[in-house]
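Undergrad: A predicted structure for the sequence below; I have some questions about it.
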Amino acid sequence: MNAPAQVAATAACDYTQPAVHPDLGSEVCVHLHPEGVPLFIEPISERLKTDFTAFKAWFVGHEQALEKLLHQFAALRLRGFPVNGSEDFAQMMAHYPSADMGYTGGGTPRAALAGKVFEATRFPKNIRLPLHQEMSYLKHWPLKVGFYCHQPSEVGGATDIGLISRLESLLEPSFLERIRRHGLIYKRNFRDKYVESDDQLHPDLVSLHRPWQEAFFTEVRAEAQAACEKMGLEWRWLDDGSLETRYRSSGFVNHPVLGTRHMFNQANTMNTIDSGVNSINWPAYTKRYTNRPKPTECTFGDDTPMTHDEVMMYRQAGHKATVIVPWQKGEVMLIDNILVLHGRSPYEGERNIQVQLFGSGSHG
Ligand SMILES: [Fe+2]
């Protein structure tokens, strides 16, 4: 990187070339990805490149400035700082408010690592996880998501991101209007991990169809029910021992700081379709779920199912809005969960990306 130019004021910084930002001090520089997201922040001083304690003090000391930049740019990518391991990741962000909901009722499997740090999803590595806003299919959801790269994969494996404003501009206005008018209904089914079905679950579908015992972190039905009620989900037990939940949402939220209203839902990921490259095992999926409740489904709020074409249109808009920035070891990314969506590129080899959720938002 070239030596950054000193700028006199924020307004003088156009973010296209690495430059010192007056609100962040002289030890770091910033520049914006050409596609408009994320904003990179990198150390200039030797001490912020090598001394975790110094870096942490800088990070905590500039909380307000970083918050302002997060609202302006939606995603901050901290590159080249000495973050090494889950403990560092937990410590540097310990001053951020926790997300009350944790990962209870989350959509994909993951394990806790240290404190509030979880591993990234164990979703199959050959499948692209489409852009989404974390837990937007639940009543309570995190305001921010932090990611840390402990080990980048050899091929692929980026945490894809995309601006919600860009996605909204790419979706058919009539589709957005239907969500605005009717809202959305999310229907989910959680299998019982101890019940063998007459045609055993295909290995490719195991992570897609989660057991309620894992999704709600309990072996006790009453506790799973209580968790559903706390999350505002309607629930019922089916004859095969599975748990079915239903949740109605407006599909939009107001940003708590900016006041802007944005689409906030997972209609694209909650509807499983045969989307060609990097699709799930579609023959196994249709064989299993033709006459059974699907693991996840999202309809319009008047109970009208979304068509294959509507889901494809949503996903293709997501592809167009996607910005892919390969991970570097030790990088941390902080995203505003309303302003920016995230996903995951398919990958090969080992990959260790870790996640923390911060702040609590609600559909009300
Ligand atoms: Fe996610």
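TA: Thanks, I have the structure now. Numbers count the residues shown, from 1 in each chain.
Undergrad: mind jotting down where the helices sit in this structure?
TA: 46-50, 52-61, 63-73, 86-92, 164-170, 173-182, 212-215, 221-230, 267-270, 282-289, 308-321 (DSSP state H).
Undergrad: and the fourth one, what does it pack onto?
TA: Contact partners of helix 86-92 among helices and strands, from 3 or more CB pairs under 8 Å, 6 or more residues apart in numbering; DSSP states H and E: helix 52-61, strand 112-114, strand 117-119, strand 140-151, strand 352-362. Placement of C-beta: from N, CA and C, glycine included.
Undergrad: run through who's touching the first one.
TA: The contact list for helix 52-61 (CB atoms under 8 Å, 6 or more residues apart in numbering) reads 25, 27-28, 43, 47-48, 66, 78, 81-84, 88, 91-92, 95.
Undergrad: just the buried ones from the residues you listed, in PyMOL syntax?
TA: Remark: buried members of those, expressed as a PyMOL selection using 16 or more other CB atoms under 10 Å:
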select buried, resi 27+28+43+48+66+78+81+82+83+88+91+92
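Undergrad: among the contacts of helix 52-61, which pair sits farthest apart?
TA: 25 and 84 (22.6 Å; CB to CB).
Undergrad: dihedrals phi and psi, the closest residue in space to residue 30 that isn't next to it in sequence?
TA: What sits nearest to residue 30 in space, not counting adjacent residues and going by CB to CB, 6 or more residues apart in numbering, is residue 21, at 4.8 Å. Backbone torsions for residue 21, taken as degrees, to the nearest 10, come to phi -100, psi 130.
Undergrad: quick one: residue 21 and residue 69, what's the gap?
TA: As judged by CB to CB, to the nearest Å, residue 21 and residue 69 stand 8 Å apart.
Undergrad: any residues in contact with both of the two?
TA: With contacts taken as CB under 8 Å, 6+ apart, the residues that reach both residue 21 and residue 69 are residue 30.
Undergrad: and the nearest residue to residue 39 once chain neighbours are set aside, what is it in contact with?
TA: Computed as CB to CB, 6+ apart, the closest residue to residue 39 that is not its neighbour in sequence is residue 73, at 4.0 Å. Residue 73 sits next to 32, 37, 38, 39 when contact means CB under 8 Å, 6+ apart.
Undergrad: neighbours around the residue nearest to the first one when sequence neighbours are not counted, how many?
TA: In space, not counting the residues next to it along the chain, residue 32 is nearest to residue 15; the distance is 3.8 Å by CB to CB, 6+ apart. Residue 15 has 18 neighbouring residues, counting by other CB atoms under 10 Å.
Undergrad: my guess is residue 15 contacts residue 29, does it?
TA: No - using CB atoms under 8 Å, residue 15 makes no contact with residue 29, being 10.4 Å away.
Undergrad: can I get the contacts of residue 73 in CSV with neighbour count, distance to residue 349 and pLDDT?
TA: Below are the contacts of residue 73 laid out as CSV (neighbours: other CB atoms under 10 Å; distance: CB to CB, whole Å; pLDDT from 0 to 100):
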residue, neighbour count, distance to residue 349, pLDDT
32, 16, 30, 96
37, 22, 26, 97
38, 24, 24, 98
39, 21, 28, 98
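Undergrad: which one of the contacts of helix 52-61 sits closest to residue 262?
TA: Using CB to CB, the contacts of helix 52-61 come closest to residue 262 at residue 66, 21.2 Å.
Undergrad: identify each buried residue in the helix or strand bottoming out on mean pLDDT in the chain, please.
TA: The helix or strand of the chain with the lowest confidence, counting by mean pLDDT, DSSP states H and E, is strand 112-114 at a mean of 72. Across strand 112-114, burial judged by 16+ other CB under 10 Å covers residue 113.
Undergrad: just the C-alphas of stretch 229-236, formatted as CSV.
TA: Listed next in CSV are the C-alpha coordinates belonging to stretch 229-236 (Å, rounded to 0.1, in the frame of the first residue of the first chain):
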residue,chain,number,x,y,z
GLU,A,229,-42.8,-18.5,23.1
LYS,A,230,-40.0,-16.2,24.2
MET,A,231,-39.1,-15.7,20.6
GLY,A,232,-42.7,-15.0,19.6
LEU,A,233,-43.0,-18.2,17.5
GLU,A,234,-46.3,-20.2,17.3
TRP,A,235,-45.4,-23.9,17.8
ARG,A,236,-46.9,-27.4,17.6
